[in-house]
Every structure is written in structure tokens, then in C-alpha cells.
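Asker: quick one: sequence and predicted model below, then my questions.
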Amino acid sequence: MQGMGEALSLALQMVWSGDADLLEIVLLSLRVSLSATLVALLIGLPLGALVAISRFRGRNLVLIVMNALMGLPPVVVGLVVYLHFSRSGPLGFLGLLYTPTAMIVAQTILIAPIVAALSRQVLEDLHAEYAEQFRSLGLSKVQSVQALLWDARYSLLTVGLAGFGRAVAEVGAVIIVGGNIDHLTRVMTTAIALETSKGDLSFALALGIILLVIALGVNAAVQSVRMSAARMSYV
Amino acid sequence: MSDVAATSLAPVAAERGAAPIMPLSVRDLHLRFGDSVVLDGLDLELGPAGCTVVMGPNGAGKSLLLKLMHGLIQPTSGRISWDGHPPAAVTARQALVFQKPVLLRRTVAANLDFVLKTRGRDRARLGKLLDHVGLAHKAGQPARRLSGGEAQRLALARALATEPEVLFLDEPTASLDPASVLTIERIVAQARDRGVRVVLVSHDIGQARRMADDVAFLYRGRVTEHAPAAEFFPEPRCPAARDYLNGNVVV
């Protein structure tokens, strides 16, 4: 067990020197979580848009379910995905368990509802403003949705960030379906959990620092984009 | 803003080869929201050309009448016929300029280009349209940063970009600066002269005098007087219209 100060200085050294193991873990983390965010956007945005501009029976129920799914517990998602991908599961033949792909699937399931629910809210507000003008212009439903998505682009950027933030920070789902295998499925959060329990605090701290910097950096970047968009009244 | 540009701006139906959608016939139109009666057996006939100004006290249902004629809302009962077509079937052949323009979160030019593109119009006309409404120098600026008058001129350019046969305007110049008011009036008058049928809701009696070929006066859910401007302004027959023109409160 190292002292806090010693661990921290070792951690900073590791980050500074670009330790190869560290870099590999960080890059896999980003690959998995960015892929999951991208897929979640592809699923969640059209779904959110569809619910935003449609009126149908049972819509309120759909909204309740969408909002409730935002709070899916990662370990439960991990467990369900595990059951599907395990050798005896319905998708076991794919041989995806303990691969980055399985981790992407789990994180996508985790954050697609977040993207859908948040984008639904954003697009519904914008639709309330645009709907009459769009009908007057004789736009088709597809044209309306395309215009809504484009005009909400800066708000939707924040939605994507919320999804990415949730994905990159969660540990429960990826540790179950990925297995935290060195050089294969070890990502920042699972490595931090493992190294902490092993007592290698400096490696855990180094990863923790990087994770924090990524989270803060991405947030700051999105915030500054939104602020310049606001200056042009685009938000 | 040259006349050359103006003449080539908006080909009307006849030039496009489609059968025109005038005249308009509105018969026994009722519109109710719960207990409140907005339109109560309204009749109106509009001829093929010119500018009709719809006047009347607040709450007479002028804006809702425009939306009904444009097919944006449905009446409780009654019939609106654009030469046999129901409003919803001809919405895309008309354009409505709202009192408060709703502009996209894009540049001025992109707002116009969006309409030209989605409506399959000639996108090369973009520059001409901007020039026509005096916004060429603002092309690259965010549309939602425009002043009230500029925003409304852009809304008007957008309406003209659709090459409408009928142009509705719902108090388009309310609370705008005088220069923008005159610019908008001139552009609307040019459109009318090219054969676009104009229906303008206005509270501004001076504007009504400048623009109207005929006036429809709305009072208590009906058109109580519909007359050529030359007859209406000197001698309105409807007592409510007389009070209204004299500046008395009409309820």
C-alpha cells in the first residue's frame, strides 16, 4: 500500500511519460464509448424525433417508459447482455462475450434511452415553435424532421455528450460483458476498479486523472461551442 | 431591388401552367373553441386579383380566418372553396407571413435556401430574393439576430420564394420601423401587380388605405361589410366599421 503523495507523483509521471499500457487502456475506453455513443445517437435521435412530432394513443406511457429507461442500472444491463451473449444464450453463437463489441452493445443499450428521452424533449420544444410555419410551407414530415434535427444541432450535441459521459464513466456493464481482460477488454473504469483492489493506487490514480480530464475537457469543448452558438442565437 | 429583379421573381400560376385556385368562396363558416364563438356564419367571396384588406376589432377572428383559408386549422362547420379545392389541398400554393416571423436557427441566406430547396424552386434566385427585400448585405448573418423589420422582410422573401398564388399577411408590419413598413408594403404591392392574390390583415388604417383594393370588415364573427376600398373608406355602411375608422372603441 502506497502513500497518497507517492501514488500521485507516480501517477503524474505515468501520464506525463505516456505509459504504453495506460495509453492502450485509454484508447480502448474511448473506442468503446465513442462507438456506443454513435450507435446510440443513430437509434435514439430518430426515435426521439418520431415521438416528439407524433400524437398517438399511449404516448404518455411511451414517455414514462423512455424516461424511466434513462436510469437503467449498468450492472443489470451487463447481466442481460451477458445472458444473451454467453455460450448457452440466444446470441452465444456470435462468440462476442468478452470482446469490445459486447461492451459497445451494453453501453449502447445503456445510453440509447438517454439520447432518445433528452432529444425528444429538445425536439418537441423546437417543434412547438416551428410546426405552424412548416405546415404553412407545405413541408413533408421527413423534411420537417430533418430541419428540426439540424436546427437543434447544438442542443443535440449536449445530448450526445450526456450519453458519452454516462458510457465512459460506467463500470458495471463493461466489467460483466468485457471481463476486464488485459490488452483485450480492459478499459479505464474496470482498470481503476482492479488496480485499486490490488493496491496499485498510482496506476488507478493515473487513469482516474485521465478520465477526469477527458470528462472535463469534452464538457468544456461542448460548452464553448454552445456559447458561440448562443451568440448567434442558434440555440 | 431593381424592377428587373421584381418582374422575374415570382411567376404566378398562369405562367406556370397550373389552373389558378381563385376565386375563393367562404360559406356559413363557424369556428368555436368550447363555449367561445369565434366565427359565427361568416360568408366571403374573393375575386381573382388584387389586395383584400381584412379589418376589424381585436378578437374578431381575423387571424383565425387567415389560418382557416390557408388550411392550417379546421372550421367547426362551413365550407371554404378555392375554385373547388379545400384549403388543405392548396396550402402549398399559398404562403402566410405571420405577425411574428418564425425563422430557422441558420443564416439569412440559409433560411431562404431551405425553402427554395425543399420546395424545389430555382436556388439561383436566392441572391435576387435577398436583394429584393434589401437584405443582400445580411446574407451571412444569423437570421435570429435580425431586427424586427429585417426579420419580417426575410419572412416575406421566404413567402415569395415559394412562388405563391395567394399571399396571406397577418399584421405583418405591427410595431415595425417606418422604413421597413414602406419596404414591405412596396414588395407586397409589386407581388399583387404580378398577379399574386394578396389577403392582408391590418389594424393600421393608413396602411389599409394605401394597400386595399377591397376591404372586408369582420365584426362579431361575420363579415359585416365587404366593399371596394374607394367605397368603404369614405362611406362605410356598417356602423361598427364607421366607429372603427373614426377611432372609437369597437367591441
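Answerer: Done, it's in. Numbering: from 1, shown residues only, chains lettered A, B, ... in the order given.

Asker: what sits against the residue lying farthest from the centre of chain A?
Answerer: When distances are taken from the C-alpha mean of chain A, residue A:136 lies farthest, 37.6 Å away, according to Cα atoms, centre = their mean. Taking Cβ atoms under 8 Å, 6 or more residues apart in numbering or on different chains as the criterion, residue A:136 is in contact with B:70, B:72, B:91, B:95, B:96, B:98. Yep, even glycine has a C-beta here, placed from its N, CA and C like the rest.

Asker: what's the answer for residue B:21, then?
Answerer: B:13, B:82, B:83, B:85, B:90, B:93, B:94, B:165, B:166.

Asker: in strands, which of these fall?
Answerer: Per DSSP state E, strands hold the following members of those: B:82, B:94, B:166.

Asker: still on that earlier bit, format the contacts of residue A:136 as a markdown table; extra columns: neighbour count.
Answerer: What follows is the contacts of residue A:136, written out as a markdown table (neighbours: other Cβ atoms under 10 Å in any protein chain shown):
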| residue | neighbour count |
| --- | --- |
| B:70 | 23 |
| B:72 | 19 |
| B:91 | 18 |
| B:95 | 28 |
| B:96 | 27 |
| B:98 | 20 |
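
Asker: separation between residue B:37 and chain A?
Answerer: 23 Å (Cβ to the nearest Cβ, to the nearest Å).

Asker: leaving out sequence neighbours, find the closest residue to that residue.
Answerer: Leaving aside its chain neighbours, residue B:37 sits nearest to residue B:221 (5.9 Å; criterion: Cβ to Cβ, 6 or more residues apart in numbering or on different chains).

Asker: quick one: contacts for that neighbour?
Answerer: With contacts defined as Cβ under 8 Å, 6+ apart, residue B:221 is in contact with B:31, B:37, B:38, B:39, B:40, B:41, B:42, B:60, B:61.

Asker: part of a strand, is the first one?
Answerer: Right, residue B:31. Yes - applying DSSP: H, G, I helix; E, B strand; the rest coil, one finds residue B:31 inside a strand.

Asker: once you drop chain neighbours, what's closest to it?
Answerer: residue B:39 (4.0 Å).

Asker: dihedrals phi and psi, the residue of chain A found nearest chain B?
Answerer: Residue of chain A nearest chain B, by Cβ to the nearest Cβ: residue A:138 (3.0 Å). Per-residue torsions, residue A:138: phi 70, psi 30 (degrees, to the nearest 10).

Asker: which residue sits closest to it in space, ignoring its chain neighbours?
Answerer: Nearest one to residue A:138, counting by Cβ to Cβ, 6+ apart, is residue B:92 at 3.0 Å.

Asker: please save the CA atoms from the longest helix seen in chain B in CSV.
Answerer: Counting by DSSP state H, the longest helix found in chain B is helix B:178-193. What follows is helix B:178-193, C-alpha atoms only, in CSV (Å, rounded to 0.1, in the frame of the first residue of the first chain):
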residue,chain,number,x,y,z
PRO,B,178,-41.5,53.1,-40.8
ALA,B,179,-38.8,52.3,-43.3
SER,B,180,-39.5,48.5,-43.0
VAL,B,181,-43.2,49.2,-43.2
LEU,B,182,-42.9,51.0,-46.5
THR,B,183,-40.5,48.4,-47.9
ILE,B,184,-42.8,45.6,-47.1
GLU,B,185,-45.8,47.5,-48.5
ARG,B,186,-43.9,48.1,-51.7
ILE,B,187,-42.9,44.5,-52.1
VAL,B,188,-46.4,43.3,-51.4
ALA,B,189,-47.8,45.8,-53.9
GLN,B,190,-45.3,44.6,-56.5
ALA,B,191,-46.4,41.0,-55.9
ARG,B,192,-50.0,41.9,-56.3
ASP,B,193,-49.2,43.7,-59.5
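
Asker: can you pull the contacts of residue B:40?
Answerer: Residue B:40 is in contact with B:30, B:220, B:221, B:222, counting by Cβ under 8 Å, 6+ apart.

Asker: could you list the residues in contact with the helix or strand bottoming out on mean pLDDT in chain A?
Answerer: In chain A, no helix or strand scores lower on mean pLDDT, DSSP states H and E than helix A:4-17, which sits at a mean of 85. Helix A:4-17 has contacts (Cβ under 8 Å, 6+ apart) with A:2, A:22, A:201, A:202, A:203, A:205, A:206, A:208, A:209, A:210.

Asker: for that helix, C-alpha coordinates in CSV please.
Answerer: The C-alpha coordinates for helix A:4-17 follow below in CSV (Å, rounded to 0.1, in the frame of the first residue of the first chain):
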residue,chain,number,x,y,z
MET,A,4,-1.3,9.1,-1.2
GLY,A,5,1.5,11.5,-2.2
GLU,A,6,3.8,8.8,-3.6
ALA,A,7,0.9,7.3,-5.6
LEU,A,8,0.0,10.7,-7.0
SER,A,9,3.5,11.6,-8.1
LEU,A,10,3.9,8.1,-9.8
ALA,A,11,0.6,8.6,-11.5
LEU,A,12,1.5,12.0,-12.9
GLN,A,13,4.8,10.6,-14.1
MET,A,14,3.0,7.8,-15.9
VAL,A,15,0.6,10.2,-17.5
TRP,A,16,3.5,12.5,-18.5
SER,A,17,5.6,9.8,-20.0
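
Asker: can you give the distance of the following helix or strand past it from its chain's centre?
Answerer: Counting by DSSP states H and E, the next helix or strand C-terminal to helix A:4-17 is helix A:20-53. Mean-position distance between helix A:20-53 and its chain equals 5 Å (Cα atoms, centre = their mean, to the nearest Å).

Asker: who in chain B is up against chain A?
Answerer: Proximity of chain B to chain A, by Cβ under 8 Å from any Cβ of the partner chain, involves residues B:70, B:72, B:91-92, B:95-96, B:98, B:102, B:104-106, B:114-115, B:118-119, B:142, B:144-145, B:158, B:162.

Asker: next, count neighbours for residue A:99.
Answerer: Under the neighbour criterion other Cβ atoms under 10 Å in any protein chain shown, residue A:99 is assigned a count of 18.

Asker: what pLDDT does the model give the residue farthest from the centre of chain A?
Answerer: Note on residue A:136: pLDDT of 96.
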